[in-house]
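In: Fold the following, please.
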Amino acid sequence: MEFFKPGPKNLISDVEGILVGNAEDQLVNTGTTVLTSKKPFVASYKVLGGAPGTRETDLLEPEKLVEKIDAIVLSGGSAFGLEAASEVTNQLRSHDRGYPVGEHRVPIVPGAIIFDLTNGGKKNWVKNPYVDLAKKAYSNISDDFKIGSYGAGKGAVSGNIKGGLGSASIVVVNKFTVGALIVVNSFGSTVVEDEPHFWAAPFEIGNEFGGLGPASKFNSIQKIRKASQEDFSKNTVIGIIATDAKLSKSQCKFLATTAHDGIARAVFPSHTSFDGDLIFSVSTGNKDLSDDPNEILMINHAASLCVSRAIARGVYHATNSGNDLFPSFQRKFFFKA
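Out: Numbers count the residues shown, from 1 in each chain. Have a look, this model is predicted:
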């Protein structure tokens, strides 16, 4: 029996019920990603970076009143991108979704953003573009979606190459499914010493990010790239880990915490005081846990593996467009567009 294998799509939507929608603005060089489901789901989160940009995350703490939420939004645009979650809230309300309060329903939509305001796109907009991006992303929700330079990963940068939107999944002991959806906009590097070998290479399954293998050697203390004061204000890895295992908010909180190990294994350095590294965790609750404590242990372990793989996949599949200031992984190392 295989204890860990990718789901059919190798996407977070391998978790039954999870839907993802992306939208991009080529001129602004940015985008928005929406994750939702046909029914509310249990969720929590964990921040380990020093500079997060978030909306409605406090209510995801285990002791807070609301048990289930309706969607999560990941977006470019720094603080401007938080407006995307407001529009998704409007879209959900129009479909009679949300937390019941008397005769009303209030959709619960936490969100997080990356800083992509200095990535080469035209940012002199008059109307905030993230309202329309959110509306389009919500209209695109599906169990199939593209990774790389799509959605919130459109204008992302990782170290000195393009970042992107990545996703990966794992089926645990032929029972539970775990999936990750990550926006890679990191200060740290996802490749070893500026060579075409990912830090996440030991965790690759098949050739999902090129099959290039680990670096043959590297310094035990890698030199951190030099950066300006501006560089120290614009970095973040944000994402979502989801499972069909029935978890409480407390268990989701621990799932999000463990999933951060995946960032540490795939980005060097990670969780700096200048990053806003954040992971949401989601449980659709479709499958009950047994009394075997190894099940939750393996689910948490699978979460960290999915995050590492999703990070590498997001960078590997990124592509360049006319506004980019940094080359993609493919262009830098293999001279591909």
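In: Buried residues, the longest strand along the chain. List them.
Out: Assignment by DSSP state E gives strand 30-47 as the longest strand of the chain. Using 16 or more other C-beta atoms under 10 Å as the test for burial, strand 30-47 gives 30-37, 40-47. C-beta: built from backbone N, CA, C; applies to glycine.
In: Kindly report the same for stretch 21-29.
Out: Across stretch 21-29, burial judged by 16+ other C-beta under 10 Å covers 21-25, 28-29.
In: How far off centre is it?
Out: Distance, stretch centre to chain centre, for stretch 21-29: 16 Å (C-alpha atoms, centre = their mean, to the nearest Å).
In: coming back round to it: report all helices and strands that the longest strand of the chain contacts.
Out: Taking 3 or more C-beta pairs under 8 Å, 6 or more residues apart in numbering; DSSP states H and E as contact, the helices and strands that strand 30-47 lies on are strand 18-25, strand 68-75, helix 83-94, helix 130-139, strand 176-185, helix 249-266, strand 278-287.
In: Can you tell me the strand partners of the fifth one and which way each runs?
Out: Take DSSP bridges as the rule and strand 176-185 pairs in its sheet with strand 164-172 (antiparallel), strand 236-245 (antiparallel).
In: Throw these into a markdown table and include mean neighbour count, distance to Ile12 and mean pLDDT, thanks.
Out: Formatted as a markdown table, the strands paired with strand 176-185 follow (neighbours: other C-beta atoms under 10 Å; distance: least, C-beta to C-beta, whole Å; pLDDT from 0 to 100):
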| stretch | mean neighbour count | distance to Ile12 | mean pLDDT |
| --- | --- | --- | --- |
| strand 164-172 | 29 | 5 | 97 |
| strand 236-245 | 30 | 5 | 96 |
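In: looking at those strands, which is closest to Asn207?
Out: For Asn207, the closest of the strands paired with strand 176-185 is strand 164-172, at 13.0 Å, according to C-beta to C-beta.
In: So what angle separates the directions of the closest one and strand 18-25?
Out: Strand 164-172 runs at 170 degrees relative to strand 18-25, counting by axes from the mean of the first three to the mean of the last three C-alpha atoms, to 10 degrees.
In: where does the stretch 201-337 of the chain have low pLDDT?
Out: Scanning the stretch 201-337 of the chain for pLDDT under 70 picks out 218-234, 336-337.
In: give me that answer again for 50
Out: In the predicted model of the stretch 201-337 of the chain, residues 229, 232 satisfy pLDDT under 50.
In: Ranking the helices and strands packed on strand 30-47 by mean neighbour count, which comes first?
Out: Stretch with highest mean neighbour count among the helices and strands packed on strand 30-47: strand 176-185 (a mean of 30; mean count of other C-beta atoms under 10 Å).
In: and it, average pLDDT?
Out: Strand 176-185 shows a mean pLDDT of 98.
In: cool, stretch 120-130 as well?
Out: 93.
In: picking up where we left off before, out of the helices and strands packed on strand 30-47, flag the one nearest Val157.
Out: That would be strand 176-185 among the helices and strands packed on strand 30-47, by C-beta to C-beta, at 6.1 Å.
In: ok so, going back, Throw the helices and strands packed on strand 30-47 into a markdown table and include distance to Gly121, thanks.
Out: A markdown table is the format used below for the helices and strands packed on strand 30-47 (distance: least, C-beta to C-beta, whole Å):
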| stretch | distance to Gly121 |
| --- | --- |
| strand 18-25 | 8 |
| strand 68-75 | 14 |
| helix 83-94 | 16 |
| helix 130-139 | 13 |
| strand 176-185 | 14 |
| helix 249-266 | 25 |
| strand 278-287 | 23 |
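In: closest one to Ala318 among the ones you listed?
Out: Comparing the helices and strands packed on strand 30-47 against Ala318 with C-beta to C-beta, the closest turns out to be strand 176-185 (8.5 Å).
In: Next, the angle from that closest one to strand 278-287.
Out: Strand 176-185 runs at 160 degrees relative to strand 278-287, counting by the same axes, to 10 degrees.
In: Show me how far strand 176-185 is from its chain's centre.
Out: That offset, for strand 176-185, works out to 6 Å (C-alpha atoms, centre = their mean).
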